[in-house]
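Trainee: Here's my sequence, what's the structure:
(chains A and B)
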Amino acid sequence: MDYESEIIILLRQHIPEDIEFKVEIPPEKKLGDFAFPCFALAKQRKKSPQLIAHDLAAKLSGIDPLLLEKVNAQGPYVNFFLNKKKLSAEVLHKIQEHRENYGSQKQEQKIMIEFSSPNTNKPLHLGHVRNISIGDSISRIFSFLGNSIVKVCLVNDRGVHICKSMLAYKKWGHNKNPDKKGDFFVGEFYVLFAKKAEQHPELEQEAQDMLRLWERGDKEVIALWKKMNSWVYEGFDETYTKLVVSFDKYYYESDMYKFGKEIVQEGLKKEAFYKKEGAIIAPLEDVGLPDKVLIRADGTTLYITQDIYLAKKKFDEHPVERSIYVVGSEQNLHFQQLFAILKKLGYKWASGCYHLSYGMVNLPEGKMKSREGTTVDADTILEELFALAKEEIHKRHSEINHVVLQNRSRQVGLAALKFHMLKIDAAKDIVYNPKESISFEGETGPYVQYTHARISSILRKSCQLSELPKEVSSLNFGEKELALATILEKFPKAVEDAASHYKPSYICRYLLDLCQETNSYYHEIPVLKAEDDIRDARLYLLSCVKQVIQNGLSLLGIQAIEEM
RNA sequence: GUCCCUGUGGCGCAGCUGGAUAGCGCAACUGCCUCCUAAGCAGUAGGUCCUGUGUUCAAAUCACAGCAGGGACGCCA
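Mentor: Now for the predicted structure:
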């Protein structure tokens, strides 16, 4: 049980059942670890809150000295001071016991998480990087909590936009093989098409015609489609490798764009939907949403039709309890409608669907438009960051081994990018300025990595002096140590909150808190030069901090590194 | 027109299931590398928490009405 719950139980003994209350965290450390404001009680008892706080504090004082060091009243608040030494000892022991599993749980759900969702006519861009960072991190968080995760990638590999790059290649590509990364090669034809189509609008019709041929299974078109897609996939794989992400399963829209009709027809029979002017429509007014056309008047399917099919397929193929979609906020309404429709169809699992929505990544000049080639591509930004990181590392270690430099600059650059994408609340749009947005200082991934490296360095040096202590008493801990231990204690809660709110940003904030306190700590407090038992206690504490930083970073898909 | 999201010091953000002087990073200014990595630490300056009204003992936080920016809105994906 956590400390907050224990305090609530203590308080409950003095507060009538019918009054709801909660404890808070005071604005300042010196005011205690938890606080209980007495205003509500004051109203009920018609006494001043100051007096009530005073009485309550007196009653609670000395009740459980192992839990509480002291309880006092300050104005209208009862302030609780935890027994920090006991707390510290317990927390550090727990971390050493559970190691890389500290903060984990055994939730045992099966959860599917869909993210990335690329189109096969252009390279992945910054928007995808945000999507992938969030999807990958949330997968790691749920997995850490004991759930089994299926990471899926829905590939948008068909449609008129795909045909556009195909058509451009067919007309002006001279049948040549890629002379660059495959997705970039194909992407250039997509841009080329848009340019040419400005002068020759009839090209749009040609692309439509090509789509029709594709749907009829025209051998030549299909062969071209397969060839170009394979180039793109090769490119994507390279990018995913650079980002250190992977998928357990791929779904292809080309496999399912025809399906979903039967489900809609059934829904029509059950009168969940209605027909109007030939089209089948889902009525959603009762749930406060606009109605949605499910099948066109000409009988053809729409995006939502296959989405219904795919949603069901996911639950059919995998015994999952939850299905999470990491998709941009411009599709908020679409997913509200989709989930409402699934409920209308009577699927029990519909309530297990969740749209993890995130805002746009824009550039200082405005929106990224792949048609116009104004996107910032994932690979380009990664290479820039790797180069920048390399430069920074070289400044500090001029004689560093080439291979080590290569690896480390990738880890640092990637940390900067992922952390930047994850620390900002997903609901917000981001303006990404390639020149300014990514820094290695302040609230950044590299800052967290740096803290980890500093600790590692201290521990390395200590091992030359003596064995790393396995366990020590926290009796000689001062204020700074106790403050650190208090933050360490909050890690499991941070992970749980990140999961329940679908917010990896909570992990980022937690790590920044921990690292700020840690940096301040070893700056002020000598570790290696302290006397034996005090040194051991501090080393022990730092090894725990190091472990928690590692655990936290791994939830963000960021590598904790030993040297920087 | 309707719906959703966002609006906090110059800039980027946290805090939003109401509570004690509104936090952090960047930028600016001061200090700190003979001392465990200065990707750091300590400090100074800087704020009508978009506006108004309301609810409440108490509002950045809740409600309503506006304003500003972004997004979406039955046969696109």
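Trainee: Does the most centrally placed residue in chain A belong to a helix, a strand or coil?
Mentor: Centrality entry for chain A: nearest residue to the mean C-alpha point is A:Ile134, 3.2 Å, by C-alpha atoms, centre = their mean. Using DSSP: H, G, I helix; E, B strand; the rest coil, the structure places A:Ile134 in helix.
Trainee: pLDDT score assigned to it?
Mentor: For A:Ile134, the pLDDT comes out at 98.
Trainee: neighbours of A:Val376, just the number please.
Mentor: Burial of A:Val376 is recorded as 18 neighbouring residues (other C-beta atoms under 10 Å). Backbone N, C-alpha and C define where each C-beta goes, glycine included.
Trainee: Got the confidence number for it?
Mentor: A:Val376 is assigned 93 on the pLDDT scale.
Trainee: and what of A:Glu471?
Mentor: 64.
Trainee: Now the residue in the stretch 51-200 of chain A that RNA strand B sits nearest to: closest residue in space that isn't a chain neighbour?
Mentor: Nearest to RNA strand B, among the residues of the stretch 51-200 of chain A, is A:Tyr77, at 3.5 Å (C-beta to the nearest atom of the strand). Nearest in space to A:Tyr77, with sequence neighbours left out and distances taken as C-beta to C-beta, 6 or more residues apart in numbering, is A:Ala35 at 4.8 Å.
Trainee: that older thread, let me know whether the residue nearest to the centre of chain A touches A:Val326 as I believe.
Mentor: Yes: assessed by C-beta atoms under 8 Å, A:Ile134 is found in contact with A:Val326 at 5.6 Å.
Trainee: and for these two, which residues touch both?
Mentor: Listed as contacting both A:Ile134 and A:Val326 by C-beta atoms under 8 Å, 6 or more residues apart in numbering are A:Phe115, A:Leu356, A:Tyr358.
Trainee: so who does the last one touch?
Mentor: This means A:Tyr358. Neighbouring residues of A:Tyr358 by C-beta under 8 Å, 6+ apart: A:Arg130, A:Asn131, A:Ile134, A:Val326, A:Gly328, A:Ser329, A:Ala426, A:Ala427.
Trainee: Which strands or helices does the host helix or strand of A:Asp536 pack on?
Mentor: For A:Asp536, the element it lies in under DSSP states H and E is helix A:532-556. Helix A:532-556 makes packing contacts with helix A:84-98, helix A:126-144, helix A:402-423, helix A:445-465, helix A:479-489, helix A:491-500, helix A:505-524 when contacts are defined by 3 or more C-beta pairs under 8 Å, 6 or more residues apart in numbering; DSSP states H and E.
Trainee: roughly how far is the strand or helix carrying A:Lys59 from the heart of the chain?
Mentor: Here A:Lys59 is covered by helix A:49-60, with elements defined by DSSP H and E. Taking C-alpha atoms, centre = their mean, to the nearest Å, one finds the center of helix A:49-60 at 43 Å from the center of the full chain.
Trainee: residues in contact with that helix?
Mentor: With contact meaning C-beta under 8 Å, 6+ apart, helix A:49-60 is reached by A:10-11, A:14, A:36-39, A:41-42, A:45, A:68, A:71-80.
Trainee: Where does pLDDT dip in the stretch 151-300 of chain A?
Mentor: Across the stretch 151-300 of chain A, nothing is flagged by pLDDT under 70.
Trainee: And what about the closest residue to RNA strand B within the stretch 201-350 of chain A, helix, strand or coil?
Mentor: RNA strand B sits closest to A:Val293 of the stretch 201-350 of chain A, with a gap of 2.6 Å, by C-beta to the nearest atom of the strand. Secondary structure, three-state DSSP: A:Val293 is strand.
Trainee: Could I get the contacting residues of it?
Mentor: Going by C-beta under 8 Å, 6+ apart, A:Val293 touches A:Ala279, A:Ile280, A:Ile281, A:Leu302, A:Ile304.
Trainee: beta partners of it?
Mentor: A:Ile281 (DSSP bridges).
Trainee: how near is it to A:Ile280?
Mentor: Using C-beta to C-beta, to the nearest Å, A:Val293 is found at 7 Å from A:Ile280.
Trainee: any idea how chain A splits into domains?
Mentor: Chain A is divided into the following domains under automatic domain parsing: A:3-82, A:261-300.
Trainee: mind checking which of the ones you listed is nearest A:Lys490?
Mentor: domain A:3-82 (10.0 Å; C-beta to C-beta).
Trainee: Can you name the residues of the stretch 151-300 of chain A that neighbour RNA strand B?
Mentor: Taking C-beta under 7 Å from any atom of the strand as the contact definition, the stretch 151-300 of chain A meets RNA strand B at A:156, A:159, A:253, A:276-279, A:281, A:290-293, A:296-298, A:300.
Trainee: Restricted to helices, list the residues you listed.
Mentor: Residues of these located in helices (DSSP state H): A:Glu253.
Trainee: nearest to A:Tyr450, of the residues of the stretch 151-300 of chain A next to RNA strand B?
Mentor: Distances from A:Tyr450 to these, taken by C-beta to C-beta, are shortest for A:Asn156, at 39.1 Å.
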